[in-house]
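Undergrad: only the shape, not the letters, is given here:
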């Protein structure tokens, strides 16, 4: 079994299906960089209100965010994905398309690059990365940038 992306295209239908191969490429590069060779990652695109509701319900923060990750790996457990219906599941990544649009304009790069950045960011959270300290943030963001560069999504 390989590392694969399960895309929920019904949640935000104006995301181009042409972007999915790039997101799959990012997943493979990130998985290779982290020694993750198999399992599934679920990806959904939503609006600000939906991500705000999820953020409020699961994190106790009543505001929208750009990306949320819901790992299926216990924090204190060995890094092994959950098995459901014979499939290894790493977790869910949810991206707010309006937030990605705003950020792509703010940072002066394409929406595709911003969504790629948020997807890699979310995947690294599924693998246990965090940006709770300056050192952890630098490590995570350097790895994200390396993955994006390797996939051709330059700043």
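TA: Cool, got the structure. Treat the numbers as computed from the prediction; the structure is a model and nothing was measured.
Undergrad: would you mind listing the buried residues in the helix or strand where residue 94 lies?
TA: Take DSSP states H and E as the rule and residue 94 turns out to sit in strand 87-96. Of the residues in strand 87-96, those scored as buried under the neighbour-count criterion (16 or more other C-beta atoms under 10 Å) are 88, 89, 90, 91, 92, 93, 94, 95, 96. C-betas here are computed from N, CA, C, even on glycine.
Undergrad: so can I have CSV of those showing pLDDT and distance to residue 64?
TA: Formatted as CSV, the entries for the buried residues of strand 87-96 read as follows, by pLDDT from 0 to 100; distance: C-beta to C-beta, whole Å:
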residue, pLDDT, distance to residue 64
88, 78, 30
89, 85, 26
90, 90, 24
91, 92, 20
92, 95, 17
93, 97, 16
94, 96, 11
95, 95, 11
96, 95, 6
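Undergrad: which one of those is nearest to residue 5?
TA: Sorting the buried residues of strand 87-96 by distance to residue 5 puts residue 93 at the head of the list, at 9.2 Å, by C-beta to C-beta.
Undergrad: for that closest one, give me its contacts.
TA: Counting by C-beta atoms under 8 Å, 6 or more residues apart in numbering, residue 93 touches 41, 42, 43, 44, 67, 68, 69, 70, 119, 122, 123, 126.
Undergrad: how about low-confidence regions in this structure?
TA: Under the criterion of pLDDT under 70, the regions of the chain flagged as low confidence span 1, 9-14, 73-87.
Undergrad: can you give me the strands in it?
TA: Applying DSSP state E to the chain gives strands spanning 3-8, 39-46, 67-71, 82-84, 87-96.
Undergrad: what about the helices in this structure?
TA: Listed in chain order, the helices of the chain (DSSP state H) span 20-34, 48-59, 97-107, 111-126, 134-150.
Undergrad: and these, which is most packed in?
TA: helix 111-126 (a mean of 23; mean count of other C-beta atoms under 10 Å).
Undergrad: ok, residues contacting stretch 27-36?
TA: 3-5, 37, 41, 90, 119-120, 123-124, 127, 143, 146-147, 150-151.
Undergrad: out of these, who's nearest residue 59?
TA: Using C-beta to C-beta as the measure, the one of these that approaches residue 59 most closely is residue 124, at 17.4 Å.
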